[in-house]
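Novice: My questions are about this predicted structure, shown below with the sequence.
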Amino acid sequence: MTDCYDVLIIGAGVVGCAVARELSRNRLRIGVLEKELDVACGNSSRNSGVLHGGFTYKKGSLKARCCVEGNREFDAVAEELGVPFRRSGKLIVGFNDKDRASLERFKAVGEGNGVVGLEMVDRKRLNELDASAGGEFAMHSPSSGILDPMVYTIALAENARRNGVDFFFDRAVTAITRRDGLYELATPAGTFTTRWVVNAAGMNCARVSSMLGIDGYMIRGFKGEYIILDKKAGAFLNMPVYPAPNEKGGFATHATPTVHGNVLIGPDSYVTEDFDDFSVTRKQMDGLVADGLKMFAQVKREYFIRNFAGIRPKLVDPATGEILDFVCEARAEAPNTINLVGIESPGLTSALPLARRVVALMAAKEKLVPNPDFDPRRKAQLRFSEQDLEGKKKLIQKDPDYGEVICRCESVTKAEIIKAIHNPLGVCTVSAIKNRTRATMGRCQGGYCETRITKLIEEETGCKVTDVLFNRKDSEMFTGRVRE
Amino acid sequence: MEKKDVIIVGGGPAGLAAAAALQAQGITDILILEREKELGGILRQCIHDGFGLTRFRESLSGPEYAQRFINLADEKKIPYITEATVIDLRSDRRVTATTRQGILEFQAEAVVLTMGCRERTRGAVGIPGKRPAGIWTAGVAQSYINLHNIMVGREVVILGSGDIGMIMARRLTLEGSRVKAVFEIQPYPSGLPRNIQQCLEDYGIPLYLSHTVTDIKGDSRLEGVTVAEVDTNLKAIPGTEKDWACDTLILSVGLIPENELSLAAGVVLDSRTRGPVVDENYQTSVPGLFAAGNVLQVHDLVDFVSLEAEKLAAAVARFVGGTALPDCRIELVGDATVLNTIPQRISGTSDFTLSLRVACPFRNCEIRIAQNGKLVKAVKLAKAIPAEMIQIPIKGSSLAPAGKLEVTVL
């Protein structure tokens, strides 16, 4: 069959996009099938945006190894792919003897995992590092950082696209059949044929694994809600502030500055059966405020700008309920497949290390030929708001659209919106523009700019007003014209 | 860097009124910076009538009301630049704006802040549920319908009884949508009585007080909301939840003065009005920076916005003319019965107008203003509601030169 892919990746989250990008270093025909209309619609965009150090994962585990590896290389990765990133460091704070014991324990775990620079600090030193942090003492992890998880995923995908990977959106894989040594992936928009399949389906990894013929994985959804605070609160917080972990290394609600200057309060944690239920609830919101205040004094109602939720897909032992390590495997019963199961936190930090392991598993089975045209670089999107006055003047001179502010809160200009509308992945929902430019992410939540953005989508793509989508399939923004 | 006597940030009703009044005072080196393509501010999308009853003694639509001031600005050749977004303001009155033609930089003698307000959002009030398409603040829906000829939905629920929400209830009904109900969390409406009558009752749209949205449903487009009754602490009462199918949820849950530029310049804000703390001359905590209109306090009627800006102009003219404005050291404080007051500081020597809102509805009440335990002024009112701004002129001659001015409602 001429239309046959060498590799199809299921899922365009951060891991799927990282796999696509790493595979594109080789001469392969690669496609990514995504059920949503953009990359990073699941947990890749629904997390704290933290580059983890790697001190809560069992020594030798894939989580520990990938996390430490991903952490070490990220300055170079961020630079290469144009990802907003700051190695902010992180504080894990304690209040009592039990907390101190926990921090001491995880400091030792971290050191065993190869995390550098971990140190216990007293309140005096805490004040120097971040005066707004709660707690009596803390463990400081200088290698931890903060990044824009949406832009990171978009950057991986755009770089993969640049290197020849095809992205298909609105393609939920409904069945996988093995025929004549090839896989046929059925989607509502037709069947795709491929030699290799990579399962990077995130929340749906166990289902896709079963489609591949690998049964027995049990995923439990640990949902967590967040409150996003105004940049005015962000001015107080230098680095993420976490409470001392519980015995299993899990964290309760923390306060995390985003790389763009907001603050995230969350996540809490509760089990959900519905893996597509990203709703937020009154009860959890109230809990976030109470718990968040222990970490960060500025959790004030006047700073609330939005809520969201994520669901961590944890692989559990069906018998004991114990949370298990990442799975990255090539199993004999499903030839030419690579199965990624239970990729939750620290999945963002581990995405590229995991991707390299996927490539290695494939290379163990067949010889991969390097792609001589591979370009590892992706240029960061230029942001008007981040330029100095001279830079701003030059931009407007070059393109007057930079002189027209569309999003007032985040100072996003028309030039940036238009660029985002014509993004390399060809996705064009209101949320897609938001994730690429930050327009509508500010304190007015689109009150000023949303009408302008939808108008630009109409003008630039030539679509009908009724075709403008908010984020998902069937999420039409408008019902028509008031008058034809 | 170009010099100007007065830069006015925002060409809405407050900015336009301030400009015209300044011109009338002989200040001609003025420039209005407006981010939209046209002057007029939010009035451009308020195509309903009822504007101008106080200021012009006739009922105008929003665009008509704005046009009166735009015409005046044109007649008097008041300079303005549209599509100019101010991106920075400093305490030394340097103003930076961006336009398609380039960056503009000004050094002003005085800056008038008339940026208006923004709407409170879902995130700010923390409405639980999913995040489908079909949820808008009332002003955004109004902009889509009235300025962009775009219909936002067919089956509508409105949360909040703010004036724009009620006006949108009528507007959507007139355009063929079914507005099922308006829900208000407070036990009293937040909008004006005339809007309850003309926008809801006249169209048979029910208003449920002490109710709020507790859940939002729909993965793609909105499918419905759950509404519950609330207790006196505004907490949902379990067991009272009822589902309302709808494809559109309009939020009219309050307005917040837009003071990001004021903050950049170091202006101190009042936590109650969320606008600048000002004295009787509408001068903020930063000398030479003045504020009026909705950026200062959210008004109920545009007429009062214009009148406030006109009063401000007199003080700005004096400031630019080199006359020192009096020191304003006397604090104005309201007790729990008072939502907020403008000004927050006075000189004790000049006449001024006290604007205030009550914290909850009162009947047959008296507003008492006292200083050093002595009654300065008392005003009897048959009715006082939070939706309506109350204005009370105070004579400078009735004040002592020192001592807090205390306001209460009895």
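Specialist: Structure received.
Novice: which parts of stretch B:207-225 are buried?
Specialist: For stretch B:207-225, burial by neighbour count (16 or more other CB atoms under 10 Å in any protein chain shown) applies to B:207, B:210-225. Glycine gets a C-beta too; all of them are placed from N, C-alpha and C.
Novice: if you go through the stretch 251-400 of chain A in chain order, where are the strands?
Specialist: A:254-257, A:263-266, A:270-272, A:304-316, A:327-329, A:337-341 (DSSP state E, counting those that start in this stretch).
Novice: which other helices and strands contact the longest one?
Specialist: Taking 3 or more CB pairs under 8 Å, 6 or more residues apart in numbering or on different chains; DSSP states H and E as contact, the helices and strands that strand A:304-316 lies on are strand A:218-229, helix B:122-125.
Novice: what do you get if the cut-off is 10 Å, keeping everything else the same?
Specialist: The contact analysis (3 or more CB pairs under 10 Å, 6 or more residues apart in numbering or on different chains; DSSP states H and E) places strand A:304-316 against helix A:205-211, strand A:218-229, helix A:231-234, strand A:263-266, strand A:270-272, helix A:282-295, helix B:122-125.
Novice: as a whole number, average confidence for that strand?
Specialist: Averaged across strand A:304-316, pLDDT comes to 96.
Novice: and what of the second one?
Specialist: When the per-residue pLDDT values of strand A:263-266 are averaged, the result is 97.
Novice: Ok, the last one next?
Specialist: For strand A:337-341, the mean per-residue pLDDT is 98.
Novice: Give me the local confidence score for A:T2.
Specialist: 54.
Novice: Apologies, that question was intended for B:G334.
Specialist: pLDDT, B:G334: 94.
Novice: Report how many residues lie close to A:G181.
Specialist: 8 (other CB atoms under 10 Å in any protein chain shown).
Novice: Please apply the same query to A:V93.
Specialist: 26.
Novice: next one: A:R125
Specialist: 14.
Novice: helix or strand for it, which one?
Specialist: helix A:123-130 (DSSP states H and E).
Novice: list the helices and strands that helix packs on?
Specialist: Packed next to helix A:123-130, using 3+ CB pairs under 10 Å, 6+ apart, are strand A:90-94, strand A:119-122, strand A:137-141, strand A:241-243.
Novice: That one: which residues count as buried?
Specialist: A:L126, A:L129, A:D130.
Novice: cool, stretch A:411-424 as well?
Specialist: By neighbour count on 16+ other CB under 10 Å, the buried set for stretch A:411-424 is A:S411, A:V412, A:T413, A:K414, A:A415, A:E416, A:I417, A:I418, A:K419, A:A420, A:I421, A:N423.
Novice: Checking my notes, B:G322 in a strand, right?
Specialist: No. Read with DSSP: H, G, I helix; E, B strand; the rest coil, B:G322 is coil and lies in no strand.
Novice: neighbours around it, how many?
Specialist: B:G322 has 7 nearby residues by other CB under 10 Å.
Novice: tell me the contacts of it?
Specialist: B:E109 (CB atoms under 10 Å, 6 or more residues apart in numbering or on different chains).
Novice: which phi and psi does it have?
Specialist: With angles defined as degrees, to the nearest 10, B:G322 sits at phi 100, psi 0.
Novice: Can you give me the neighbour number for the nearest residue to B:F362 once chain neighbours are set aside?
Specialist: Of all residues not flanking B:F362 in the chain, B:A384 sits nearest, at 4.4 Å (CB to CB, 6 or more residues apart in numbering or on different chains). Neighbour count of B:A384, defined by other CB under 10 Å: 23.
Novice: now swap in the one 5 residues further on and tell me
Specialist: B:M389: 19 surrounding residues under other CB under 10 Å.
Novice: Double-check it against B:V302; I have them as touching.
Specialist: No. B:M389 is not in contact with B:V302 according to CB atoms under 10 Å; the separation is 11.7 Å.
Novice: Would you mind giving the strands of the stretch 251-400 of chain A as JSON lines with mean neighbour count added?
Specialist: Listed next are the strands of the stretch 251-400 of chain A as JSON lines, based on neighbours: other CB atoms under 10 Å in any protein chain shown:
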{"stretch": "strand A:254-257", "mean neighbour count": "28"}
{"stretch": "strand A:263-266", "mean neighbour count": "28"}
{"stretch": "strand A:270-272", "mean neighbour count": "13"}
{"stretch": "strand A:304-316", "mean neighbour count": "22"}
{"stretch": "strand A:327-329", "mean neighbour count": "19"}
{"stretch": "strand A:337-341", "mean neighbour count": "25"}
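Novice: Just send the ones you listed back as CSV, with distance to A:P400 too.
Specialist: Below are the strands of the stretch 251-400 of chain A laid out as CSV (distance: least, CB to CB, whole Å):
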stretch, distance to A:P400
strand A:254-257, 34
strand A:263-266, 35
strand A:270-272, 48
strand A:304-316, 30
strand A:327-329, 49
strand A:337-341, 46
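Novice: and of these, who's closest to A:F85?
Specialist: Distance to A:F85, taken as CB to CB, is lowest for strand A:254-257 among the strands of the stretch 251-400 of chain A, at 12.6 Å.
Novice: before we move on, back to that, out of the strands of the stretch 251-400 of chain A, the one nearest B:N195 is which?
Specialist: strand A:304-316 (27.6 Å).
Novice: Any buried residues in stretch A:348-362, and which?
Specialist: By 16+ other CB under 10 Å, the buried positions in stretch A:348-362 come out as A:348-359, A:361-362.
Novice: can you give me the helices in chain B?
Specialist: Shown for chain B, the helices assigned by DSSP state H span residues B:13-24, B:62-75, B:122-125, B:138-148, B:163-174, B:193-195, B:260-264, B:302-320.
Novice: Show me which positions of the first one end up buried.
Specialist: Under the neighbour-count criterion of 16+ other CB under 10 Å, helix B:13-24 has B:P13, B:A14, B:G15, B:L16, B:A17, B:A18, B:A19, B:A20, B:A21, B:L22, B:Q23 buried.
Novice: Which strands or helices does it pack on?
Specialist: Looks like helix B:13-24 contacts strand B:2-9, strand B:30-33, helix B:62-75, strand B:80-81, strand B:102-113, strand B:289-291, helix B:302-320 (3+ CB pairs under 10 Å, 6+ apart).
Novice: neighbours of the residue of the stretch 101-250 of chain A found nearest chain B, just the number please.
Specialist: Going by CB to the nearest CB, chain B is nearest to A:I228 of the stretch 101-250 of chain A, at 6.9 Å. Using other CB under 10 Å, A:I228 is surrounded by 22 other residues.
Novice: Might one say that it is in contact with A:Y303?
Specialist: Yes. Here A:I228 reaches A:Y303: they are 9.0 Å apart, a contact under CB under 10 Å.
Novice: Stretch A:154-168 - what's its average pLDDT?
Specialist: The average pLDDT within stretch A:154-168 is 98.
Novice: Wait, B:S220 touches A:S475, no?
Specialist: Yes. With contact defined as CB under 10 Å, B:S220 and A:S475 form a contacting pair (4.0 Å).
Novice: For the two, list the residues in contact with both.
Specialist: Joint contacts of B:S220 and A:S475 (CB under 10 Å, 6+ apart) are A:L469, B:P132, B:A133, B:G134.
Novice: gap between stretch B:364-374 and the chain center?
Specialist: The chain centroid and the centroid of stretch B:364-374 are separated by 26 Å, computed with CA atoms, centre = their mean, to the nearest Å.
Novice: Would you mark the buried spots in it?
Specialist: For stretch B:364-374, using 16+ other CB under 10 Å, the buried residues are B:C365, B:I367, B:R368, B:I369, B:A370, B:Q371.
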